[in-house]
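**Student:** Predicted structure and sequence below. I'll ask about it afterward.
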Amino acid sequence: MASKVTPISGFQEWLPAQRIAEQHFLDTIREVFELHGFASINTRAVEPVDRLSNQGEDADKEIYGVSRLAGDDSSEASLGLHFDLTVPFARYTLEHSGKLTFPFRRYQIQQAWRGERPQRGRYREFTQADIDIVDANELPSHYEAELLLVIADVFSRLPVGDYRIHVNNRKICQGFYQGIGIEDVIGTLRIVDKLDKVGDDGVTKLLLAAGCTRPQVDQCLALAQICTADSTFVDQVQALGVHNDTLEEGLAHLKSIIDTANEHAPGVAVADLRIARGLDYYTGTVYETMLEREPSYGSICSGGRYDALASDGKRTYPGVGISIGVSRLLGLLIGEEGLSASRETPSVVLVAVNHEDSRPESMRVAAALRARGIPTLVSPKAAKFGKQIQFADRRGIPYVWFPGSEADSPAAIHAPSTGTGDELDATGTGDQVKDIRSGDQVSADRDTWTPPTADLHPTIAFPE
RNA sequence: GUGGGUGUAGCUCAGCUGGUAGAGCAUCGCGUUGUGGUCGCGAGGGUCGCGGGUUCAAGUCCCGUCACUCACCCCA
């Protein structure tokens, strides 16, 4: 039955060349995560709804439920697709706590689902690349700087352009707000978080409406304005004259992170005291990462420290984690800016087929090349050589191999004169390989010929 | 969930105050059984999102619905 196919909003799908670019990102992320000693885990797509749903009332609306279309499954536990990787990881940590070795550092690259209205940079199905470190009972704060450096290492190997990791510590806001007599810390954070969208005036109105006094509002705004690439933010906060132990603790932590980051990855981190993050479970350091060329696109890498996400009653497992929003990042780079691969197939060589009768010989050539790690495809038809070259060209395959073991082979008959003729096999019966970009065609040995390293695998680049 | 915009070929779109569905690009074929890209000729491909209404006649007007899209909410 033919039915019209239509796209489903909020689900990202790439064409083959774009997928190659995506895989390059995923491979690089994985490689760097492993380089920094993170072990991979994969968690199931579903969690019991009651475990997912107590993260805040708004989150509930976004959870996709999972059930059988037919049949009476009223006796089954209610399941939902996870909407991030942190909550499943917390559950995983508790479930396997007896078999894990702490501090446990894991990476997890999986999809997550949120049933919200899609928009630019926001999807209903999306891939996240998470790293987290959890420990039992206590978690040293130096990990909070370490995660930032891992992300800096990842992005240094990818064509993401200039970016900044904005770091804050919730204790700064919490201590500061309490120090000036504001009780609703979370609510105040949420309002201050809108600074980008509604501006000073908008935030002022909202805070006044929430019951803050004028001096409190001014202090909140003054704190939120502070944003420094070095540890001078400490002096700026202290100049505001608020005294609170929690505040001092937060300042010391953040200073330590910024100093460490500046030593190992200069220019990447910035202390930005307006960063709040929506999720309630963060208790200390929080991160958001913006691209310099388009900060309004939103954070492409976020996370933070959480002290009590996982607890079995006897022990709590504090952790710190950060997550690359792969789908959001690629939605911009691939979807809008045109990042793609140099070809739409991994094949670097197309082996021509002279006649259908000689296909076995072409297959032997392909086998010899593949045995040496050269991705190779055999031509689908013994069409005219122009067609076979075109087949390669359309897919971006740079080399066409002409098997030459037969007397009437095209390599013997049709080798073009290149002036010197030296590179042609004197007998005219050997294999030849043609670089279809330059037109150069030379004799080649299927057991030793290797394409230039730059051609062996597709490369990724933005359009000119 | 609330509000605005848009639905015509694979893609980008034209189609006037109603009169038998079009272009460009892409795809495929042909241009002396052999070395492509240019060029020439040709072909395929559309329940005009879906349903109803008005009319002799609806892609076009009206109503509904669905999808996509943008903003709000919230977040990677």
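**Tutor:** That came through, no problem.

**Student:** give me the beta-bridge partners of the closest residue to RNA strand B within the stretch 301-450 of chain A?
**Tutor:** Closest to RNA strand B within the stretch 301-450 of chain A is A:Gly325: 2.2 Å, counting by Cβ to the nearest atom of the strand. Just so you know, the C-beta spots here come from the backbone N, C-alpha and C atoms, and that holds for glycine as well. Per DSSP bridges, the residues bridged to A:Gly325 are A:Gln128.

**Student:** Could you chop chain A up by domain?
**Tutor:** Domain segmentation of chain A under automatic domain parsing yields A:9-160+A:300-341, A:161-298, A:349-461.

**Student:** can you redo the ones you listed as CSV with mean neighbour count and mean pLDDT?
**Tutor:** Output for the domains of chain A, formatted as CSV (neighbours: other Cβ atoms under 10 Å; pLDDT from 0 to 100):
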stretch, mean neighbour count, mean pLDDT
domain A:9-160+A:300-341, 18, 89
domain A:161-298, 18, 89
domain A:349-461, 17, 81
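
**Student:** and the gap between the most centrally placed residue in chain A and A:Glu125?
**Tutor:** Centroid check for chain A by Cα atoms, centre = their mean gives A:Val326 as the closest residue, at 2.9 Å. Distance, A:Val326 to A:Glu125, by Cβ to Cβ, to the nearest Å: 12 Å.

**Student:** and what of A:Ile226?
**Tutor:** Counting by Cβ to Cβ - A:Ile226 and A:Glu125 are separated by 37 Å.

**Student:** And RNA strand B, is stretch A:261-272 touching that?
**Tutor:** No - remark: stretch A:261-272 sits outside contact range of RNA strand B, by Cβ under 7 Å from any atom of the strand, the gap being at least 14.3 Å.

**Student:** cool, and stretch A:105-121?
**Tutor:** Yes - looking at stretch A:105-121 against RNA strand B by Cβ under 7 Å from any atom of the strand, the contacts come from A:Arg114, A:Glu116, A:Arg117, A:Pro118, A:Gln119, A:Arg120, A:Gly121.

**Student:** Looking at those, which two lie furthest apart in space?
**Tutor:** A:Arg114 and A:Arg120 (15.0 Å; Cβ to Cβ).

**Student:** ok, which stretches of the stretch 151-300 of chain A are helices?
**Tutor:** Secondary structure of the stretch 151-300 of chain A (DSSP state H, counting those that start in this stretch): helices at A:170-179, A:185-192, A:195-209, A:214-225, A:233-238, A:245-264.

**Student:** So which residues make contact with the fourth one?
**Tutor:** So the one you mean is helix A:214-225. Residues outside helix A:214-225 that contact it (Cβ atoms under 8 Å, 6 or more residues apart in numbering): A:172-173, A:176-177, A:180-182, A:188, A:192, A:195, A:200, A:203-204, A:207-208, A:212, A:237, A:240, A:242, A:273-274.

**Student:** and it with helix A:195-209, angle?
**Tutor:** 160 degrees (axes from the mean of the first three to the mean of the last three Cα atoms, to 10 degrees).

**Student:** then helix A:214-225 to CSV, C-alphas only?
**Tutor:** Provided in CSV are the C-alpha atoms of helix A:214-225 (Å, rounded to 0.1, in the frame of the first residue of the first chain):
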residue,chain,number,x,y,z
ARG,A,214,14.6,47.0,45.1
PRO,A,215,18.1,46.7,46.8
GLN,A,216,17.9,42.9,46.5
VAL,A,217,17.1,43.2,42.8
ASP,A,218,20.0,45.5,42.3
GLN,A,219,22.4,43.1,44.1
CYS,A,220,21.1,40.1,42.1
LEU,A,221,21.7,41.9,38.8
ALA,A,222,25.1,43.1,39.9
LEU,A,223,26.1,39.5,40.7
ALA,A,224,24.7,38.3,37.4
GLN,A,225,26.8,40.8,35.4
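
**Student:** distance between that helix and the chain's centre?
**Tutor:** In terms of Cα atoms, centre = their mean, to the nearest Å, the centre of helix A:214-225 is found 35 Å from the chain centre.

**Student:** Ok, the third one next?
**Tutor:** Put simply, helix A:195-209 sits 32 Å off its chain's centre (Cα atoms, centre = their mean).

**Student:** Which strands or helices does it pack on?
**Tutor:** If contacts are counted by 3 or more Cβ pairs under 8 Å, 6 or more residues apart in numbering; DSSP states H and E, helix A:195-209 sits against helix A:185-192, helix A:214-225.

**Student:** show me what contacts A:Gln12?
**Tutor:** Contacts of A:Gln12 (Cβ under 8 Å, 6+ apart): A:Tyr123, A:Glu125, A:Phe126, A:Ser327, A:Leu330, A:Gly331, A:Gly335.

**Student:** Looking at the stretch 1-150 of chain A, which residue is nearest RNA strand B?
**Tutor:** Closest point on the stretch 1-150 of chain A to RNA strand B, by Cβ to the nearest atom of the strand, is A:Ser9, at 2.6 Å.

**Student:** so when I look at A:Gly331, I'm seeing a helix, right?
**Tutor:** Yes - under DSSP: H, G, I helix; E, B strand; the rest coil, A:Gly331 falls within a helix.

**Student:** residue contacts, it?
**Tutor:** Neighbour list for A:Gly331: A:Gln12, A:Arg120, A:Gly121, A:Tyr123 [criterion: Cβ under 8 Å, 6+ apart].

**Student:** Among those residues, which pair sits farthest apart?
**Tutor:** Using Cβ to Cβ, those span at most 12.1 Å, a distance reached by A:Gln12 and A:Arg120.
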